[in-house]
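Peer 1: predicted coordinates and the sequence they were generated for:
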Amino acid sequence: MAGSPVEWGKDRPAQSVRTCIGCRQREPSAELLRIVARHRESGSPGFAVVPDPRRRLPGRGAWLHPVSACLRSAERRRAFGRALRVSGNLDISALEQYLENRHEHS
């Protein structure tokens, strides 16, 4: 059958589109950094927001442009808790460190 959906998928691969929680722009997921909330390892209450560049960590993820402007915007809007569906004190120091190191090496 000519023009079937199976044939349409062969021309170009499907690319997922995600929304940055900082600037709210929609981009292909390849251009965004996935982040997840993990329980803090030090035993203190709350969660740590950590980068997931390999997109393999379990749990609900959110997406962010890997630039400090979007990080600050998401922090100012308190978007991390809403996007990751966690409440309480959120530690974003691991994410800040990741973005600083990424910027130094690019």
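Peer 2: In hand now; what should we look at? Numbers count the residues shown, from 1 in each chain.

Peer 1: quick one: least confident helix or strand in this structure?
Peer 2: helix 5-11 (a mean of 56; mean pLDDT, DSSP states H and E).

Peer 1: Ser87 and Phe80 touch, don't they?
Peer 2: No. The criterion here is Cβ atoms under 8 Å, and Ser87 misses it with Phe80 at 10.6 Å. The way it works is simple: take the backbone N, C-alpha and C, and place the C-beta from them, glycine included.

Peer 1: give the buried residues for the longest strand seen in the chain.
Peer 2: The strand that spans the most residues within the chain, counting by DSSP state E, is strand 33-39. By neighbour count on 16 or more other Cβ atoms under 10 Å, the buried set for strand 33-39 is Leu33, Arg34, Ile35, Val36, Ala37, Arg38.

Peer 1: partner strands of it and their direction?
Peer 2: strand 47-51 (antiparallel), strand 61-64 (antiparallel) (DSSP bridges).

Peer 1: which residues sit against the last one?
Peer 2: Applying Cβ atoms under 8 Å, 6 or more residues apart in numbering, the external contacts of strand 61-64 come out as 18-22, 29, 32-36, 52, 55, 70-71, 74, 79-80, 83-84.

Peer 1: buried sites along the longest helix belonging to the chain?
Peer 2: Counting residues, the longest helix found in the chain (DSSP state H) is helix 93-104. In terms of neighbour count (16+ other Cβ under 10 Å), helix 93-104 has its buried residues at Leu95, Glu96, Tyr98, Leu99.
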